[in-house]
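Enquirer: Fold the following and give me the result.
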Amino acid sequence: MSEPHGTVLEKHPPSADGAGDVAGGSDEGNRRFWSARRVPAGIVALVLLVIAGMFLYDIVAVRAGRAGMSWRRELAGQLAQRPLDDVWVLTGAGVAAALGLWLLVLAVTPGLRALLPMRRTHPDVRAGLHRAAAETVLRDRVMEVPGVQSARVRVKRTRADVRAVSHFRELDDVRADVTAVLDEAVGRLGLARPPALSLQVRRPGRKGR
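Expert: This is a model prediction of the structure:
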């Protein structure tokens, strides 16, 4: 049987009053982990750096008595001549709005959907379990039940979908054993919010189907 693997630990400094959340006693310990999102942040920083550098160079050139960059003069002329309902103006505004909305969504959502928060056993440490690790553990436990030929497990944030194929024994008996095994296995995963089980047990299909 596989043991839980793929865990992530995150330490926090102790609070000023010495109090902490233990064993999932607070919603703070049950919240999802936030993604650092280094790639989007790096792309935005690089784009802003390039744009700021180009405008700074253009301003310095104009202040020094030299002609401004041709692209800036062309852009200013186009913006002054084109009406607001021009297709290019609307396209540019739509792209800018879409990028802004994307950045807002990234800013207010935690991300890391593949990492499930675990119960806190120490006030200053948070732990998370990868969905793939949880799926492996549950699938291995299901495969230990007599009569189960194959199993497929998909763990979501609030539900675990289990599909098992039984090639002998009564389906009701197999379903009862699988349910009991899964209830125990889900509890031993130590998740802050144990997922609800959705179980389906069926016979193998005919060959060619």
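
Enquirer: ok, and the helix or strand in the chain with the lowest average confidence?
Expert: strand 7-11 (a mean of 61; mean pLDDT, DSSP states H and E).

Enquirer: tell me the domain ranges of the protein?
Expert: Domain assignment for the chain by automatic domain parsing gives 1-16+114-209, 38-108.

Enquirer: Kindly state which of those is positioned closest to residue 31.
Expert: Of all those, it is domain 1-16+114-209 that lies closest to residue 31, at 6.6 Å by Cβ to Cβ. Every residue, glycine included, has its C-beta placed from N, CA and C.

Enquirer: before we move on, the earlier item: for whichever helix or strand comes after the least confident helix or strand of the chain, which positions count as buried?
Expert: Moving toward the C-terminus from strand 7-11, the next helix or strand (DSSP states H and E) is helix 38-63. Neighbour-count burial for helix 38-63, counted by 16 or more other Cβ atoms under 10 Å, picks out residue 58.

Enquirer: what separates the helix or strand following helix 38-63 from the chain centre, distance-wise?
Expert: Heading C-terminal from helix 38-63, the first helix or strand you meet, by DSSP H and E, is helix 70-81. The chain centre lies 42 Å from the centre of helix 70-81; the measure is Cα atoms, centre = their mean, to the nearest Å.

Enquirer: now what about helix 70-81, what contacts it?
Expert: For helix 70-81, contacts defined as Cβ atoms under 8 Å, 6 or more residues apart in numbering pick out 55, 58, 89.

Enquirer: name the helices or strands packed onto the host helix or strand of residue 106?
Expert: Counting by DSSP H and E, the element that carries residue 106 is helix 87-108. In terms of contacts (3 or more Cβ pairs under 8 Å, 6 or more residues apart in numbering; DSSP states H and E), helix 87-108 is packed against helix 38-63.
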